[in-house]
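Student: Quick one: sequence plus predicted model below, questions after.
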Amino acid sequence: MRIRKTVTIIFAASLFVSCGGSREGKATRHVIPCGTYADVEQYFRYTAGCRMIVSGHRGGNAPGFPENAIETFEYTLSYIESFFEIDPQMTKDSVIVLMHDETIDRTTTGTGKVADYTFDELQQFNLVDRWGNTTPFKIPSAENVIRWSQGKTILNFDKKSVTRDVLIPLVKKCGAENVIYTVHNAGDALFCYRIDNHAHFSAWIKDMDALREYDETGIPWSHFIAYVESATMNPDNQALYDALHERGVRCMIALSPSHDRLPSSEARIAKYREEIAKKPDIIETDYPVEFAGLYRLDKQKIIITD
């Protein structure tokens, strides 16, 4: 039998702080201009000297705030501007929910496969944070998350068991223009684009061969950001970064396989400062809140703070 610790979450104005500043202070929600496809393209467009963007992997984590939860997204936006990579799974009654794993064992008080429960049945369980704390929060439906996000932030749906010919119609039903899709190759992107020619992508582009394959799809490069590294910016790949930048495409690194696994906030933050100094265009991290106050912008230049 699993034993979970229970935490009480108190929402107060003291949680809210200004983006890029200290972790104390103002009652502010940091929102991204994302009402239209044009807004999303403008936000992600690479230009020389453009500011760094942070993405919350699985929606981010913090003590008392579990992954893939609206409450965690709200908490993150109280500290820092961020978009969110999230994970869709399908219930027994064909409701798309947010859940990284095919089972609920790791992230809830329940056990078993998502697909073996109806959405209503899943609501008997509570979400659990990364440290084993039971929270008051419930598994959200993708539709509720999409509707919540509009006018606030951009959602990046990872590729899971929910097929894109099911997910994309849900996004269109919601009238959401603030959603992008992770694709692993040019064929994935083209499949989505044929369903919806407004679709935008976080694309795995890790070498020049992949870049050429995306070129051949004919999908406008304004529809892309590029996931280029799963650790750190690699000087050996500078030609790839330059080619993407010439196309107006930002390069994203993901720290979940590396620095995010360090055991303490202090150790992680030391490594985050090193990555910021290398000037990636986008950093995806399990701990977006820990980036609050690590850098500020001064005439489009990133200044690393002490």
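Tutor: Great, that's in hand.
Student: which residues in the stretch 201-306 of the chain form helices?
Tutor: Taking DSSP state H, counting those that start in this stretch as the criterion, the stretch 201-306 of the chain carries its helices at 208-217, 238-246, 265-277.
Student: Run through who's touching the second one.
Tutor: Pointing back at helix 238-246 there. 46, 48, 205-208, 211, 226, 228, 233, 250-251 (CB atoms under 8 Å, 6 or more residues apart in numbering). Using the backbone N, CA and C atoms, a C-beta is placed for each residue, glycine as well.
Student: I figured residue 286 was touching residue 54, is that so?
Tutor: No: the criterion here is CB atoms under 8 Å, and residue 286 misses it with residue 54 at 11.4 Å.
Student: So if I had to pick from these two, which one is more boxed in?
Tutor: Neighbour count, other CB atoms under 10 Å: between residue 286 and residue 54, residue 54 has more, with 25 against 21.
Student: Wasn't that one part of a strand?
Tutor: Yes: counting by DSSP: H, G, I helix; E, B strand; the rest coil, residue 54 is part of a strand.
Student: Quick one, grab the pLDDT at it.
Tutor: What the model reports as pLDDT for residue 54 is 98.
Student: show me the contacts for it.
Tutor: Per CB under 8 Å, 6+ apart, neighbours of residue 54: 80-82, 282-285, 288, 291.
Student: And the residues you listed, which is closest to residue 261?
Tutor: residue 285 (11.2 Å; CB to CB).
Student: That closest one: neighbour count?
Tutor: Residues near residue 285, counting by other CB under 10 Å: 25.
Student: what's the answer for residue 283, then?
Tutor: 21.
Student: Residue 129 too?
Tutor: Using other CB under 10 Å: residue 129 sits among 23 other residues.
Student: thought it was touching residue 68?
Tutor: No: with contacts counted by CB under 8 Å, residue 129 stays clear of residue 68, the gap being 11.3 Å.
Student: Could you list the low-pLDDT ranges of the protein?
Tutor: For the chain, residues meeting the criterion pLDDT under 70 lie at 1-28, 296-306.
Student: Which stretches in it count as strands?
Tutor: 5-6, 53-56, 83-86, 88-90, 96-98, 133-134, 155-157, 179-183, 201-204, 224-229, 251-254, 282-285, 295-298, 301-304 (DSSP state E).
Student: ranking those by burial, who's on top?
Tutor: strand 83-86 (a mean of 28; mean count of other CB atoms under 10 Å).
Student: Throw the strands of the chain into TSV and include distance to residue 274, thanks.
Tutor: Listed next are those as TSV, based on distance: least, CB to CB, whole Å:
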stretch	distance to residue 274
strand 5-6	33
strand 53-56	15
strand 83-86	22
strand 88-90	33
strand 96-98	31
strand 133-134	30
strand 155-157	25
strand 179-183	26
strand 201-204	23
strand 224-229	14
strand 251-254	12
strand 282-285	11
strand 295-298	12
strand 301-304	9
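Student: Which one of those strands lies nearest to residue 270?
Tutor: Per CB to CB, nearest to residue 270 of those: strand 301-304, 11.6 Å.
Student: List phi and psi for residue 35.
Tutor: Main-chain torsions, residue 35, degrees, to the nearest 10: phi -70, psi -30.
Student: Leaving out the residues flanking it, which one is nearest to it?
Tutor: residue 151 (6.1 Å; CB to CB, 6 or more residues apart in numbering).
Student: Next up, the contacts around the one you found.
Tutor: 31, 34-35, 178.
Student: Give me the phi and psi for it.
Tutor: Taking degrees, to the nearest 10 as the convention, residue 151 sits at phi 80, psi 0.
Student: separation between it and residue 43?
Tutor: Residue 151 is 13 Å from residue 43, where distance means CB to CB, to the nearest Å.
Student: Now for the two: what residues contact both?
Tutor: Contacts common to residue 151 and residue 43, judged by CB under 8 Å, 6+ apart, are residue 34.
Student: Tell me how many other residues crowd the closest residue to residue 93 other than its chain neighbours.
Tutor: With sequence-adjacent residues excluded and distances taken as CB to CB, 6+ apart, residue 93 is closest to residue 118, at 4.3 Å. If you count neighbours by other CB under 10 Å, residue 118 ends up with 12.
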